[in-house]
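Undergrad: take this sequence and fold it.
(one chain, ligands or ions: 1)
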Amino acid sequence: MAEEQYKIKVQNVTKEYDLFKTQTEKLKSFFSINNKNVPHFWSLMGVSFTVKPGEALGIIGVNGSGKSTISNIISGIIPQTTGEVDVKGDTSIVAINSGLKKNLTGRENIRLKSLMQGLTNSEIDTMMDDIISFADIGDFVDQPVKSYSSGMKSRLGFSIAVHIKPDILIIDEALSVGDDTFYQKCVDKISEFRNEGKTIVFVSHALKQVELLCDRVAWINYGKLKQIGPTEEVIKEYRKFTAWFKKLSKKDKKKFETEQKDIQKHFDINKYEQSVIKAETDAHPDEKNVANVVNHRFYGSVLREKMSWLSKGVTALVALAIVFFCLVNVSGHTVTHVFAKPASLFKPTKVLEVPNNRTHKTKIVYENKTKKHHKKSE
Ligand SMILES: Nc1ncnc2c1ncn2[C@@H]1O[C@H](COP(=O)(O)OP(=O)(O)OP(=O)(O)O)[C@@H](O)[C@H]1O
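TA: You can find the predicted model right below:
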């Protein structure tokens, strides 16, 4: 069987957040044996899909459903908690709140983002005027980005992203803040991008834009992939859902949302893994090692975000050793002396400088306890 051609593949991807209330709570959790009291939230509860080369995939869903989480994971901005993410090529993300450094000017941001994408300074110099002219932000290009409106940030971000010509362009709600003229320029640029056979992931609430720009759509619903398929079909179902939701009373809306969020809070990753193993074993009864393959897919490509007990122990030991050697250094004793007389760690040797009529100073070292003194040099 020929292997499926894809540009992006996400498989069994989850994202967990710890909902700490304070920084102290976060610090305490590092040292605590039992973290069960910290509430968890699963922004994604096992999402799988592929994006084919040259395809424009729309991602839709209500607020907080996990759209930005998945687009940030694909772009490599945040890591997934479990699952496999395979992206074949460079990505460039345009999002309202990502990518631009607010203390740098527009021009500096252009250079920084382009350098990060692997372009050389001379390539950037050649593109600079085009990027500035597309963004159309006038003299503001030499002002710090923190002084920009959200529309201006979006213009600059979009302009940089399309000019550095990535293989995959990810647009997260960035068109929603621009005005009509800029929006049309972006649509034209995206179409141009599509005609060049580049891959696009387009996250948006604007269903009309999605209909116009996307070949297929993924509907993410409270952390799960509810549906993926041809744009028309998925948008039709999504519209039915939003129409149903709008008709609910305020109380029922609240109840529905709370129920969904509760499912996300109580998601059990181990149960999910078992369900994937079962489904894959049922689908391929002759395959051996399904459990190992699934476990490797879940955890093989992610760094554990939480430290194991062994790592915590080793980190604590290293920290203690560093503190010990600092104290030994400050005390002025040798390590063997401190081991022989641990109390001396807190009784530093005194160094007195006695002036004399020679060209260098004479140091007389007094040991605290004995008050003996030794001439170190003369
Ligand atoms: N750093 C974080 N810590 C805790 N929860 C987070 C964090 N980032 C996102 N979330 C939660 O994850 C869920 C998904 O967020 P995400 O931003 O992906 O949603 P979205 O679909 O893009 O929403 P919107 O349409 O409003 O942009 C939300 O409930 C959000 O509160």
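Undergrad: for the rest of this, base every contact and every neighbour count on C-alpha atoms.
TA: OK.
Undergrad: what helix or strand is the closest residue to residue 69 other than its chain neighbours located in?
TA: Spatially, and ignoring its direct neighbours in sequence, residue 69 is nearest to residue 43 (7.3 Å; Cα to Cα, 6 or more residues apart in numbering). In the assignment (DSSP states H and E), residue 43 maps to strand 40-51.
Undergrad: hang on, residue 288 in a strand?
TA: No: Residue 288: not assigned to a strand; according to DSSP: H, G, I helix; E, B strand; the rest coil it is coil.
Undergrad: and the pLDDT at it?
TA: Predicted confidence (pLDDT) for residue 288: 86.
Undergrad: buried stuff in the longest helix along the chain?
TA: The longest helix of the chain (DSSP state H) is helix 309-331. For helix 309-331, burial by neighbour count (16 or more other Cα atoms under 10 Å) applies to 327, 328, 331.
Undergrad: ignoring the adjacent residues along the chain, who's closest to residue 131?
TA: Closest residue to residue 131 apart from its sequence neighbours, by Cα to Cα, 6+ apart: residue 159 at 5.5 Å.
Undergrad: for the one you found, phi and psi?
TA: When read as degrees, to the nearest 10, the backbone of residue 159 gives phi -60, psi -40.
Undergrad: that one against residue 134, yeah?
TA: Yes: counting by Cα atoms under 8 Å, residue 159 does reach residue 134; the two are 6.0 Å apart.
Undergrad: before we move on, back to that, now the buried residues of helix 309-331 in TSV, with distance to residue 259?
TA: Converted to TSV, the buried residues of helix 309-331 look like this (distance: Cα to Cα, whole Å):
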residue	distance to residue 259
327	55
328	57
331	60
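Undergrad: what does this protein put close to the ligand?
TA: 17, 19, 43, 62, 63, 64, 65, 66, 67, 68, 69 (Cα under 6 Å from any ligand atom).
Undergrad: so which residues of the protein form helices?
TA: 23-31, 67-75, 106-116, 121-135, 150-163, 180-195, 207-213, 231-247, 250-265, 269-283, 290-299, 309-331, 335-340.
Undergrad: out of those helices, which is the most enclosed?
TA: Of all the helices of the chain, helix 150-163 carries the top mean neighbour count, a mean of 24, counting by mean count of other Cα atoms under 10 Å.
Undergrad: returning to that earlier point: which among the buried residues of helix 309-331 gets closest to the ligand?
TA: Checking these against the ligand with Cα to the nearest ligand atom, the nearest one is residue 327 at 38.4 Å.
Undergrad: next up, the contacts around the spatially closest residue to the closest one that is not a sequence neighbour.
TA: Sequence neighbours aside, residue 345 is the residue nearest to residue 327 in space, at 6.7 Å (criterion: Cα to Cα, 6+ apart). Going by Cα atoms under 8 Å, 6 or more residues apart in numbering, residue 345 touches 327, 328, 331, 333, 338.
Undergrad: in CSV, list those along with distance to residue 122 and pLDDT.
TA: Shown next, in CSV, are those (distance: Cα to Cα, whole Å; pLDDT from 0 to 100):
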residue, distance to residue 122, pLDDT
327, 52, 84
328, 53, 83
331, 55, 80
333, 57, 81
338, 59, 80
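Undergrad: and stretch 283-291, how far apart are its ends?
TA: End-to-end distance for stretch 283-291: 13 Å, by Cα to Cα, to the nearest Å.
Undergrad: domain ranges for the chain?
TA: The record's domain split for the chain, according to automatic domain parsing, is 8-89+167-299, 101-165, 309-377.
Undergrad: how long is the shortest one end to end?
TA: Across its full length, domain 101-165 reaches 20 Å end to end, with Cα to Cα as the criterion.
Undergrad: so, low pLDDT: which residues of the chain?
TA: 1-4, 20-23, 25-37, 93, 95-98, 177-178, 303-309, 348-378 (pLDDT under 70).
Undergrad: OK, contacts around the residue lying closest to residue 111 once chain neighbours are set aside?
TA: Of all residues not flanking residue 111 in the chain, residue 124 sits nearest, at 6.6 Å (Cα to Cα, 6+ apart). Contact analysis of residue 124 by Cα under 8 Å, 6+ apart lists 111, 114, 115.
Undergrad: how about these in a markdown table, adding distance to residue 148?
TA: Below are the contacts of residue 124 laid out as a markdown table (distance: Cα to Cα, whole Å):
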| residue | distance to residue 148 |
| --- | --- |
| 111 | 18 |
| 114 | 20 |
| 115 | 22 |
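Undergrad: and the gap between the residue nearest to residue 191 when sequence neighbours are not counted and residue 195?
TA: Using Cα to Cα, 6+ apart and skipping the chain neighbours, the partner closest in space to residue 191 is residue 213 (7.5 Å). From residue 213 across to residue 195, the span is 12 Å (Cα to Cα).
Undergrad: same question, residue 84
TA: 29 Å.
Undergrad: ok, now residue 133?
TA: Counting by Cα to Cα - residue 133 and residue 195 are separated by 22 Å.
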